[in-house]
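Undergrad: When you get a sec, could you give me coordinates for this:
(chains A and B)
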Amino acid sequence: MIDALHFEFMQNALAAGLLASLLCGIMGALVSANRIVFLSGGIAHAAYGGIGLSFYFGWPFLAGTLGFSLAISLVMAAIMVKVKHQADAVIGVVWAVGMALGIILLDLTPGYNVDLMSYLFGSILSAVESDIWIMLAMCGLLTILTTVYYKELLAMSFDEEFARIRGVPVGVLYFGLIAMLSVAIVLVIQVVGLILVIALLTIPPFIVEKYAKSLFQVMAGSSLLGAVFTVSGLWLSYTFDLTSGASIIMVAGVVFFISLLLEQAASLLHRKQKLTSDK
Amino acid sequence: MDQKIVDIKNVSFSYNAEAVLEDVSLDIGKGDFIAVTGPNGGGKTTLLKLILGLLKPDRGSIEVLGQSALRAAPNIGYVPQSMNASASFPVTAIDVVLMGMLAPRKNWFKRPVPDRKKALSALEHMGVKGLGDRNIKELSEGQRQRVFIARALVTKPSLMLLDEPTASIDPRGQVDLYKMLEEINREIAIVVVSHDLLAVSRYAKSVVCVNRGLHHHSNTEVPGNMLTAMYPHAEDGMCLVELLTHDQPHQKKKDSGK
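TA: Below you'll find the model as predicted:
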């Protein structure tokens, strides 16, 4: 791995992976706390429609995709607020239609053949310096915003009604959260692909949440854990010549199942101890 | 002189086209301890949310401490039903109490400074001071309830609303809870929603029955006709008997004979 770092593409891949871990760690903690994993999946998939639009109309790629995702995610957030009981179904529709729109528009774009696989699994090894600078800027913005509004975000995630009673502007905060989420997702997808974004958003917070005492600990722990997954996944992919995104996800998946097993074992042990102490 | 905390005048509210409350009026004064009861879907929780300003009445007016409901909400302590948030949320007891002290920001770029001392003394008041640094998922249902009451009380409100606080607590804990509320009631008016009319009626000073309409009974005696009015299914004997014998077995014979 050390000698691999002599290659510039490997340095970039590592930097992109670490930044993606940080972005997904912070956002993932909030996504999990607000139970909007499904919405995140919807945003990530529907973003493909933005890619299709950008190519078809010849818009600048990043601006087109970001604008489209931002708009569609705010529509989905409004649906979450207005028709809560049907939100799942509607998000499923937006999820599918956004993706289909993207594929059809790319079909219609003359002379362009995009590889859907690279959107799904990304190409972290082809990350370039400009990607990294944009992600770094986003990390900075996200860190500042979550630090400044931490208390309000925490209160909203924990008990929205009570937060509202105490004068927390829950509506603005919620839409702000979704907007941040969609921007973060689009930026990270560009580099590491859609599947890896969802994995990094969900797996680390799920594991860390069991041991964390605060939302901040979930954010920090998830970022660290994501970084561990990314680095070891990249190492495996380099050593055994495997697809990088898939390797990172497999590492995360294995750790996820191990943590489940450990938890089961711990609760079993706990029960046994209780039984013997009761005797 | 009786000081009005909440003044509800001829309020109606409906979800979609379905009327939940119709032409409801109620005064809550200083020192009140009101038990709100009634059938499921009768509008008990809706009434609380109207007082909190989370819902707006279709008709009528609600004033809390002479202000609109939402504006006065920071002066109300609220203990929601069995927690909106999941018990597995990664947060410590003291952080939950600190959430009770949130207020609208004057400066959106300056972080509020938490007053941990106040939060700790609220926990102490509820007898769970030592649990401040524990994760709420490690607490028992009863301890968690106390933490949420501490969150409601930390701002020293003039009114506290509790929605089904005894729903998931064992009988012993319920008695403790009600005794605690009795104590709190010396300084703060209390409104508690409960199915368990008899348990709460020992502590409450008056009973309000909500079933689209609202009946305020100034003493806590439970007249039979009130029960049949609020629980029409009691006609077949089942609900009435169950309700009255739930906590006071010695009344069984008398009431089941009705």
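Undergrad: Which positions in chain A make contact with chain B?
TA: Residues of chain A found near chain B, taking C-beta under 8 Å from any C-beta of the partner chain as the criterion, are A:33, A:147-148, A:150-152, A:154-155, A:157-169, A:209, A:212-215, A:217-218. C-betas here are computed from N, CA, C, even on glycine.
Undergrad: now the helix or strand where A:L224 lies, how far from the chain's geometric center?
TA: In this assignment (DSSP states H and E), A:L224 forms part of helix A:215-240. A distance of 13 Å separates the centroid of the chain from that of helix A:215-240, by C-alpha atoms, centre = their mean, to the nearest Å.
Undergrad: next one: stretch A:198-208
TA: 8 Å.
Undergrad: Pull that stretch out as CSV, backbone CA atoms only.
TA: Written as CSV, here are the backbone C-alpha positions of stretch A:198-208 (Å, rounded to 0.1, in the frame of the first residue of the first chain):
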residue,chain,number,x,y,z
ILE,A,198,-25.6,4.7,0.5
ALA,A,199,-23.2,2.2,2.2
LEU,A,200,-21.2,5.0,3.8
LEU,A,201,-24.3,6.9,4.9
THR,A,202,-25.9,3.9,6.6
ILE,A,203,-23.4,1.3,7.7
PRO,A,204,-21.1,3.3,10.0
PRO,A,205,-23.8,5.2,11.9
PHE,A,206,-25.7,1.9,12.4
ILE,A,207,-22.6,0.3,14.1
VAL,A,208,-21.5,3.4,16.0
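Undergrad: Contact residues of the stretch 51-200 of chain B facing chain A?
TA: Residues of the stretch 51-200 of chain B lying near chain A (C-beta under 8 Å from any C-beta): B:52-54, B:73-74, B:76, B:78, B:80, B:83-85, B:88-92, B:95-96, B:98-104, B:108-109, B:111-112, B:114, B:133, B:135, B:151.
Undergrad: From those, list just the buried residues.
TA: B:52-54, B:73-74, B:76, B:78, B:80, B:83, B:85, B:89-92, B:95-96, B:98-102, B:114, B:135, B:151 (16 or more other C-beta atoms under 10 Å in any protein chain shown).
Undergrad: Show me which positions of stretch A:165-182 end up buried.
TA: Buried-residue list, stretch A:165-182, by 16+ other C-beta under 10 Å: A:165-168, A:170, A:173-174, A:176-178, A:180-182.
Undergrad: pLDDT below threshold where in chain B?
TA: By pLDDT under 70, the low-scoring segments of chain B are B:1-2, B:82-86, B:108, B:110-112, B:219-258.
Undergrad: next one: the stretch 101-250 of chain A
TA: For the stretch 101-250 of chain A, the ranges with pLDDT under 70 are A:112-114.
Undergrad: For it, which residue gets nearest to chain B?
TA: A:G167 (3.7 Å; C-beta to the nearest C-beta).
Undergrad: who's in contact with that residue?
TA: B:A73, B:P74, B:L102, B:A103, B:P104 (C-beta atoms under 8 Å, 6 or more residues apart in numbering or on different chains).
Undergrad: The third one contacts A:A163, correct?
TA: To tie it back to what came earlier, the one meant is B:L102. Yes: under the criterion of C-beta atoms under 8 Å, B:L102 makes contact with A:A163 at 6.9 Å.
Undergrad: Mind listing the shared neighbours of those two?
TA: By C-beta under 8 Å, 6+ apart, the residues touching both B:L102 and A:A163 are A:E152, A:A155.
Undergrad: A:V170 is in contact with A:E160, correct?
TA: Yes: applying C-beta under 8 Å as the test, A:E160 and A:V170 come out as touching, 5.6 Å apart.
Undergrad: and the residues of the stretch 51-200 of chain B next to chain A, which of them are in strands?
TA: B:I76, B:Y78 (DSSP state E).
Undergrad: Enumerate every residue touching B:A122.
TA: B:V97, B:G100, B:A150, B:R151, B:L153, B:V154.
Undergrad: Can you add distance to A:L269 and give the contacts of A:G167 back as JSON lines?
TA: Formatted as JSON lines, the contacts of A:G167 follow (distance: C-beta to C-beta, whole Å):
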{"residue": "B:A73", "distance to A:L269": "46"}
{"residue": "B:P74", "distance to A:L269": "46"}
{"residue": "B:L102", "distance to A:L269": "40"}
{"residue": "B:A103", "distance to A:L269": "45"}
{"residue": "B:P104", "distance to A:L269": "48"}
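Undergrad: How many neighbouring residues does B:R59 have?
TA: Using other C-beta atoms under 10 Å in any protein chain shown, B:R59 is surrounded by 13 other residues.
Undergrad: If you count contacts, what does the helix ranked longest in chain A end up packed against?
TA: When chain A is parsed with DSSP state H, its longest helix is helix A:244-278. On a contact count with 3 or more C-beta pairs under 8 Å, 6 or more residues apart in numbering or on different chains; DSSP states H and E, helix A:244-278 meets helix A:194-209, helix A:215-240.
Undergrad: got the ones you listed as JSON lines, with distance to B:E22 and mean neighbour count columns?
TA: Formatted as JSON lines, these follow (distance: least, C-beta to C-beta, whole Å; neighbours: other C-beta atoms under 10 Å in any protein chain shown):
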{"stretch": "helix A:194-209", "distance to B:E22": "44", "mean neighbour count": "25"}
{"stretch": "helix A:215-240", "distance to B:E22": "42", "mean neighbour count": "21"}
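Undergrad: As a markdown table, the ones you listed with distance to B:D23 would be great.
TA: Output for the helices and strands packed on helix A:244-278, formatted as a markdown table (distance: least, C-beta to C-beta, whole Å):
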| stretch | distance to B:D23 |
| --- | --- |
| helix A:194-209 | 47 |
| helix A:215-240 | 44 |
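Undergrad: how far away is the closest residue to B:Q3 other than its chain neighbours from A:I165?
TA: Nearest non-adjacent residue to B:Q3, counting by C-beta to C-beta, 6 or more residues apart in numbering or on different chains: B:K30, 4.4 Å away. Taking C-beta to C-beta, to the nearest Å as the measure, B:K30 falls 21 Å from A:I165.
Undergrad: before we move on, what about B:A72?
TA: Taking C-beta to C-beta, one finds B:A72 at 10 Å from A:I165.
Undergrad: which residues do the two both contact?
TA: Common neighbours of B:A72 and A:I165 (C-beta under 8 Å, 6+ apart) are B:G53.
Undergrad: Tell me which helix or strand the residue nearest to A:E129 when sequence neighbours are not counted sits in.
TA: Nearest non-adjacent residue to A:E129, counting by C-beta to C-beta, 6+ apart: A:N12, 6.6 Å away. If you go by DSSP H and E, A:N12 is part of helix A:8-33.
Undergrad: Please point out which parts of the next helix or strand after that helix sit buried.
TA: Heading C-terminal from helix A:8-33, the first helix or strand you meet, by DSSP H and E, is helix A:37-57. Buried residues in helix A:37-57, defined by neighbour count with 16+ other C-beta under 10 Å: A:37-56.
Undergrad: Equivalent analysis for stretch A:99-118, please.
TA: In stretch A:99-118, counting by 16+ other C-beta under 10 Å, buried: A:M99, A:L101, A:G102, A:I103, A:L105, A:L106, A:T109, A:V114.
Undergrad: ok, now which ones touch residue 46?
TA: Just so you know, I chose chain A. Counting by C-beta under 8 Å, 6+ apart, A:A46 has contacts A:S69, A:I72, A:S73, A:M76, A:V94, A:W95, A:V97, A:G98, A:M99.
Undergrad: I was thinking of chain B, sorry if that wasn't clear
TA: Counted by C-beta under 8 Å, 6+ apart, B:T46 has contacts B:F13, B:Y15, B:V20, B:L21, B:L55.
Undergrad: Ranking by neighbours, what's the top pick from those residues?
TA: B:L21 (26 neighbours).
Undergrad: what about it, which helix or strand?
TA: strand B:18-29.
Undergrad: ok, now B:L161?
TA: strand B:159-163.
Undergrad: Residue of the stretch 101-250 of chain B closest to chain A, please.
TA: Closest point on the stretch 101-250 of chain B to chain A, by C-beta to the nearest C-beta, is B:P104, at 3.7 Å.
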